[in-house]
Structure formats: C-alpha cells, structure tokens
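>>> I need the structure of the sequence given here:
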Amino acid sequence: MQNKIKVIIIDDEALARQITKNYLSKRNDIEIIAECSNGFDAIKKINELKPDLIFLDIQMPKLTGFEMLELIENPPVIIFTTAYDHFAIKAFEVNAIDYLLKPFSEERFNSALQKAIGQLGDKFKQNSAIENIIKTADEKIEFLERVVIKDGSKITVIPVEEIKWIEAQDDYVLINNDKGRFLKQKTMKYFETHLNENQFVRVHRSYIINVDFIQHLEQTETESYRLVLKNGKEIPVSKTGLQRLKNTL
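Residues are numbered from 1 along each chain as shown. Below is the predicted model of the structure:
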C-alpha cells in the first residue's frame, strides 16, 4: 500500500481550516496529521511530525507565514494561502510559486494540490523557491514591529522598541536588549532599511543604535566621536553616522 501524503493545515481562521479539510477529505492519498491556528504551534508540529506538505496562511497574528519560513529547517512542500495581499501575491508570482487566494474554489484548490504533489520529489527546487520568497519578502519596505529569532527549539520574539543596539557579525547581526544577545541571520542593511529612522540610527558600519538608549555623545579626538549608552557600552561613531545622528536628534 502506498504511503499517504502527510499534511498540516496552518491558518488562524477556523473556517479556512475547515474548508481545506473538506476538500482534502475527498482524497484517499492524503492524511491530515495536524492543524494549527498559529505559527508557534505550527513550527513545533512541523519539527515533530515531519509533514510532506503544509498549507500555510501568510497573514497570521504573532508570527506571519513569511516569518515562519525563516524558522523552518528542511521545509516541506508548501501551498501558500492568502487573502488579497498585493505584496505577497507579487512575491509568489516573481518566484513562480503557486498560491491560493482566498476564497478559492475546489477546482483551484485541486490544481494547486496537484502541482504541490508533483514537487514532493524535488526538495532542492522547493528549498530554492522558499529562499527566494524570503529574499523577496525582505525587499518589502515597511518598518518592523518585532524580530523573531530561533535558537534550537526556542523561539524568541523581540519587540523592536526593546532593541538597544545591533552589531554586525559577518553574515549575521547581534541584537542586544535587556534579556541578552541574540544572533540573527540578516544584514545590517536589512535592519537599517526596516527600522524606523526616527528611533534607530546606523552610527557606524558595524552598529545601529536605539536613540532612546543613548547616555551621551563624546569627542575622543579631532573629528572622532563615540556614543556612551545608558548601560556604559561605548559605540564608535563614523563621520557619516554622526551626520545621521544629528539629522535624527
């Protein structure tokens, strides 16, 4: 007997999950192994149950579908679902990813399902598509409200107002707040673009600071400055960074 395709449905709307379950119930080759109403439960179930395929809603509170993508290791094949979201749809179309726009018909659902089943044997192609989706999502110019970090099985959500400073660490950044230091695989340019410039300033190629956490600015040599933060941390300030700081303060 052929193994069934293991599926997890992830959507914060109960009605949307029920519609998907109804459509899948007509398939003998599909087994629904879990349904989740939020991204945190979904990541746990994906790691535990190793599904072949997930239906992933993009617009979810606490953890969006795009944020989830960054936290999933060895992701299964994904069918994205979304209410009308111009940017999400553009991201899918640019990367030739199929998606279901709510509300969707059973015919459209079955078409997306068949395409996804056809991708089950090509994990490399699927993983490349997901990497491209994440890169495209990063191009969306809007200010972050939080940063989500995965460390082993632990997921930490940091509201941006709690970030005190960010340091460059090769291909990563170190995010500093009262709870510690958190490594995130993003660039300084990404955070410079996605943090509100009225609160966060890139004062040096290796540092972005929260202006609310500045104790004072001091001159060290002629045309050379450093910031002293409220916890005593000293941050070098470049000439360009000094001008940015003056523009903000």
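
>>> so what's the closest residue to Leu24 other than its chain neighbours up against?
Leaving aside its sequence neighbours, Leu24 sits nearest to Ile30 (CB to CB, 6 or more residues apart in numbering; 5.0 Å). No exception for glycine: its C-beta is placed from N, CA and C like everyone else's. Applying CB atoms under 8 Å, 6 or more residues apart in numbering, we find Ile30 in contact with Lys4, Ile5, Val7, Leu24.

>>> The first one against Asp29, yeah?
Yes: shown here, Lys4 and Asp29 form a contact pair, counting by CB atoms under 8 Å, at 5.8 Å.

>>> Between those two, point out the one with more neighbours.
Taking neighbours as other CB atoms under 10 Å, Lys4 and Asp29 compare with Lys4 leading, 14 against 10.

>>> which ones are touching the more buried one?
Listed by CB under 8 Å, 6+ apart, the contact set of Lys4 reads Asn28, Asp29, Ile30, Glu31.

>>> next one: Gln126
So Gln126 contacts Pro75, Val77, Ile78, Gln119 (CB under 8 Å, 6+ apart).

>>> got a winner among those residues for most neighbours?
Ile78 (25 neighbours).

>>> Let me know the helix or strand that Val157 is in.
Assigned by DSSP states H and E, Val157 belongs to strand 154-159.

>>> Direction included, what does that strand pair against?
strand 146-151 (antiparallel) (DSSP bridges).

>>> chain center to the strand it pairs with, what's the gap?
Put simply, strand 146-151 sits 8 Å off its chain's centre (CA atoms, centre = their mean, to the nearest Å).

>>> Show me the contact partners of the strand holding Val157.
Residues outside strand 154-159 that contact it (CB under 8 Å, 6+ apart) are 40, 43, 62-63, 71, 145-150, 175, 177, 179, 182.

>>> again, 7 Å this time
Phe40, Ile43, Leu71, Glu145, Arg146, Val147, Val148, Ile149, Ile175, Asn177, Phe182 (CB atoms under 7 Å, 6 or more residues apart in numbering).

>>> One more: stretch 106-120?
With CB under 7 Å, 6+ apart, stretch 106-120 has contacts from Ile5, Tyr23, Asp52, Leu53, Val77, Ile79, Asp98, Leu100, Lys125, Gln126.

>>> just the buried members of those residues?
Ile5, Tyr23, Asp52, Leu53, Val77, Ile79, Asp98, Leu100, Gln126 (16 or more other CB atoms under 10 Å).

>>> Where is pLDDT lowest across these?
In terms of pLDDT, Gln126 ranks lowest among those, with 75.
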